[in-house]
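Peer 1: The sequence and its predicted three-dimensional model are supplied below.
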Amino acid sequence: MNAFNKINRRIGQYRHRKKTAFFFEQSLQLLFWAGAVFICLPFLYKIGKSDFIFRWLISITSLCLLLYFGVRKIIFPIFQLTIFRNQPSIDATALEIGQHFPSIKDEMSNAVQLLQQPENKENPFVLAAFDTIIQKIQKVDLLKSLSYKKLQKAALTALMTSIVAVASFSAFTPTYTNAVEMLLHPAREPASSAIKFIVEPGDIRIARGDAFKVSAKISSDFAGVPLLQIANHGKIVSTLELLANGTSGNFSYSMDNVSASFSYSVRAGKWESPTYFVEVIDLPEILQLQLYVKPPAYTGLTTDTLERNIGDASVLPGSVIKINIVPNKAVARANLIFSEETARAMQLVNAEFQSEFKVTKAVRYKIGLHDEHGLTNQSPIEYSISLEEDQYPLVEIDSPGKDMDLDESMEVALRILGEDDFGFSKLELAYQLIKNNARDTSALFLKKLDYKVLDNALLSSTVWDLTPLDIFPEDAVEYFVRLYDNDNVFGPKLATSKTYRLRLPSIQELFTESRAMQDEAGSSMEEVYEEARDIQEKIDNVLQNIRRNQDLKWEDEQAIKETLAQQNEMMEALEEVKENLEKMVDTLDKNDMLALETLEKYQELQELLEKIASPELQEMMQKMQDALQKMDPKQMQNELDDFQASQEEFIKNMEKTINLLKQLEAEQKLDEAIKLTEQMIDKQSEINKNVENDASDLQKQAEEQTGQSENLENIKQKLEELQQSAKELPQMKMPTESLTQAQEQANQLSEEMQEASENMQSGDQQKSQQSGQRVSQQLQQMQRSLSKTQEQMQQNQKSEVLQALKQSRRNILRLSKKQEQLSELSAKQNPTEYRDIAKQQQDLLSAMQRTGEQMYKLSEKSFFVPPQIGQKFGEAQQKMQSSINELENNRGGRSAQDQQKAMQALNGALSELQQAMQDMQGSSAGGSMLDQFLQQLQAMSQQQQGINQGTQQLGMQGQLTPSQQGQLQRLAAQQEALRRALEKMQAQKESGDLLGSLEKIGEEMREAAREMQSQQVNPKTIERQERILSRMLDAQKSVRKQEYSKKRQARTGKDYHALDPGNLPEESDSKKALLQRDLLRAMRANYSKDYKKLIQQYFDALTKELEMQNNE
């Protein structure tokens, strides 16, 4: 059966190949007949163009032939290959094959027929016969029996016909076109062969809104006007006359703003051109544009969404711009086209095209759209992206903000302010050293500073310690600060502050400056003193006139006004003197240029100036002004009397202040000599060391030694001035012997320095060392002599003043006791004794006045007499005089009250006196501040212990007698004086840290004194006083553990130069900085981008104008 299947398959292949050849043969025959008909079309057109029936006949005949031949030549062969693929049958096909092969004939057909019968499939004879046929067939190629001659003939004839048809069409294209038109549209009248239409542009596709122009060329003589027929969906909707173009037969017509598709043809009489189609399409356009600007991260700004359909933007460098567009129609692609002719494809996301790019420079861009027909958006808008300027930061050194001198602390408090629009990255302090007036330009030191930022404003506060820089007197440091913003796109921008200079002045410079200020203060106070005497004289004249005339005349009124104005000027002058002295003392104190005694005296002098320009005097001047306005002679006389008394006190205080200032000036000269000597000792030690270590540099050391000689001459001059001051101011108690000894040592030292300088100039190292050592020894001897002179002078002054204070203390104590006795007598209210008591009170008043006069004279010589004593004396004098008046009027009770108050005032004066004595004893010359504080604490502890014992004794007595009440009042005054002394110690600069634990004791002392004054002593008072004493003893233990050291190095050059303030800042620089600051603030404000752009342009214009002014 397998053999049978093989035969069937080979017969089937033969049958399929024969049908396929037949199909191609028929198709080529159809192509032949179609080509033949096509070739005949021009002839048919000649016949049928004027015969309507013939046109229809030809059109119908052509259609029928097309259907007939299509079915017969194409459809029927296709059916043979598909539907009837098994026909003819296998045995018929086998018989056909046998006819082509004589060796087979009908044997294969017969075998196939036998095997198709079921009963023969197992017949061995049939199978044997079939095997024989199989063997014959295997040797034969059945497909060779097929003939392809008809196929080849059909292909040749079809090819020849096609060639002729194409050639004919190329030669007679219009005719063929008309012929085809006739076949397709037999009802349409064809154009005359005598008229040829050339219509342009024919079929076309244009954009909506574009113009359309049709041109027609008619080849025959046509006298009429051709028409343009516009049709919509096959229906003519408009007929327009074509316009002649000037050339015969040429016509045209233009249409603007075409909005819809249409068809058109040209008609000339009864003839009409073919119909053409105009397709109107929409060009791609941007329907919606949206820009998003993401500023660089360092700005901290959020993404900004611009107004829709706005493609221009002004952005910061580093910003990322995202662009979203929505086209009006489906487009194939969209591109960003930049001004550099580079393009970037946009991505389609959800019907939107998107793209983003980072801006580092100004760019211009367009957006190109392309649809599926290859059309693009016409003349796309060009947008621009401009760059906003990230402003430079601003920085300034707000404090000190000027050139200044360094003091002994070698520290400068810096306060730095900065501004920027977005933030900061680094703040640096830059400085250079200037030694010997030479700047080291190669070394710029940088120090990173910490800072705080609030609302883009920078603040840095730091204390710059210059000690590690090893700065010597007359050296300087120039410094400025650098501020970097946080721009991480182009890198941080740098702003630099103004450059300032710090200079360490020499001792000589400081003393020279202080002397100038002292001289100015002395001259001012002399002028004030003379003006005060002049005012006193004017007041005396006015008072005489008022007493004589009992009226206030115009001349007197003018004199009073002038007096008040003059007094105001005097007060202002004194205030200026006080401020200058305070500034001078502060400078000298910071540089450790004054001895403690001299410093304390300056502080007392300032307090005295405060007292002179007291608020009471100001109030009195105001009362005079009020009385002047009221024009009341009696009131004016009273006010003038008070003012005259006050003016006398003012003049006395001015005399005292001037004398004390002169004494201070003289004593300060001794301080200067000691400080300069100490400086020379240090310098000489340095010279000796250099001579020993480097013999090749002796010439330089010789110059330094010569500078030492010049400094010594300054010291000798000061010593001569001191000798003169000792003669003019004997109250200084200057020990002339030790001062003379110091002068002799200075003269000897001059010769020794000269010898040392000569040895160094000659290059003799050994002799230079020996002479240098002798100079050092003699300098130290002179320094000891000067220090001894200062100690003796201070000791002499204190001894004299202390002796006088002790005598005054005895006098005041005696006066207080006597006043207490008189108070007790008056309290008995025995009128018969009032006269005698009044006489005793008058004697007591006179004695107190004598004591007060002694104290005043003493205060002119010394600072240790506190001015509060004079106030207490004044209160006591007033109450004593009042008590005398009360006794004369037989009012003993009131007199006793006034006497009691007078006693309290005397006790207050006694307390102030005791405090002054303690101050003198506690600040003995030569002791360290630590020892002085300890001694004062010990003395105060002993005094507190005595107060405690006295309070305890009186507290146990129950009801107190008047005498005991007086004792308690004195104890209260001592307690209050002790409290003030403690506060004064705490207020001193050096004692603040040492006595910090005693801060709360002052309040307890105040409360204890109040309870004692009001005679309300109770167990709580005793307990409070014990607590005070305990804390004072604990403080002594704490003080003993404290250490205090102070080191100072100095170096002196040969020449002294004033502080160089540098160039004054140009006005333009200041204006430019202000403009930049204002611009930064404007940019941080909540303005729109457009408004900020206008602001930027405005400030740019101002800056350019300022630069032009500078160039002019």
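Peer 2: Cool, got the structure.

Peer 1: And the contacts of the helix or strand residue 356 falls within?
Peer 2: Using DSSP states H and E, residue 356 sits in strand 352-358. Residues from elsewhere that reach strand 352-358, judged by C-beta atoms under 8 Å, 6 or more residues apart in numbering: 318-327, 331, 334, 336, 344-347. All C-beta atoms are positioned from the backbone trio N, CA, C, and that covers glycine.

Peer 1: quick one, the helix or strand following it and strand 352-358 angle?
Peer 2: Counting by DSSP H and E, the next helix or strand C-terminal to strand 352-358 is strand 363-370. Relative orientation of strand 363-370 versus strand 352-358 (axes from the mean of the first three to the mean of the last three C-alpha atoms, to 10 degrees): 160 degrees.

Peer 1: Show me what secondary structure element comes after strand 363-370.
Peer 2: Assigned by DSSP H and E, the successor of strand 363-370 is strand 383-387.

Peer 1: tell me what whichever helix or strand comes after that next one is packed against?
Peer 2: Where DSSP H and E defines the elements, the next helix or strand beyond strand 383-387 is strand 394-399. Under the contact criterion of 3 or more C-beta pairs under 8 Å, 6 or more residues apart in numbering; DSSP states H and E, strand 394-399 touches strand 411-419, strand 476-485, strand 494-496, helix 1067-1084.

Peer 1: How far off centre is strand 394-399?
Peer 2: 10 Å (C-alpha atoms, centre = their mean, to the nearest Å).

Peer 1: Neighbouring strands - and their directions - for that strand?
Peer 2: Strand 394-399 has its sheet partners listed here by DSSP bridges as strand 411-419 (antiparallel).

Peer 1: For residue 605, which non-adjacent residue is spatially closest?
Peer 2: With sequence-adjacent residues excluded and distances taken as C-beta to C-beta, 6 or more residues apart in numbering, residue 605 is closest to residue 660, at 5.9 Å.

Peer 1: Check the burial of residue 423 by counting its neighbours.
Peer 2: Residues near residue 423, counting by other C-beta atoms under 10 Å, number 15.

Peer 1: My error: substitute residue 951 in the last question.
Peer 2: By other C-beta under 10 Å, neighbour count at residue 951 equals 23.

Peer 1: in terms of contact, does it touch residue 971 like I think?
Peer 2: Yes: counting by C-beta atoms under 8 Å, residue 951 touches residue 971, with 5.9 Å between them.

Peer 1: Would you mind finding the longest strand in this structure?
Peer 2: In terms of residue count, the longest strand belonging to the chain (DSSP state E) is strand 424-435.

Peer 1: Give me the buried positions along that one.
Peer 2: Within strand 424-435, the residues that qualify as buried are 424, 425, 427, 428, 429, 430, 431, 432, 433, 434, counting by 16 or more other C-beta atoms under 10 Å.

Peer 1: quick one: it to strand 476-485, angle?
Peer 2: Using the same axes, to 10 degrees, strand 424-435 lies at 170 degrees relative to strand 476-485.

Peer 1: Which elements pack onto strand 424-435?
Peer 2: On a contact count with 3+ C-beta pairs under 8 Å, 6+ apart, strand 424-435 meets strand 411-419, strand 445-448, strand 457-465, strand 476-485.

Peer 1: ranking those by burial, who's on top?
Peer 2: strand 476-485 (a mean of 21; mean count of other C-beta atoms under 10 Å).

Peer 1: now the helices for the stretch 851-1000 of the chain?
Peer 2: 868-888, 892-922, 929-955, 962-987 (DSSP state H, counting those that start in this stretch).

Peer 1: Report the angle between the second one and helix 868-888.
Peer 2: This points to helix 892-922. 160 degrees.

Peer 1: how far off helix 962-987 does helix 892-922 point, in degrees?
Peer 2: 40 degrees.

Peer 1: tell me what helix 892-922 is packed against?
Peer 2: Packed next to helix 892-922, using 3+ C-beta pairs under 8 Å, 6+ apart, are helix 765-827, helix 834-861, helix 868-888, helix 929-955, helix 962-987.

Peer 1: Of the helices of the stretch 851-1000 of the chain, which is nearest residue 753?
Peer 2: Of all the helices of the stretch 851-1000 of the chain, helix 929-955 sits nearest to residue 753, with 34.3 Å by C-beta to C-beta.
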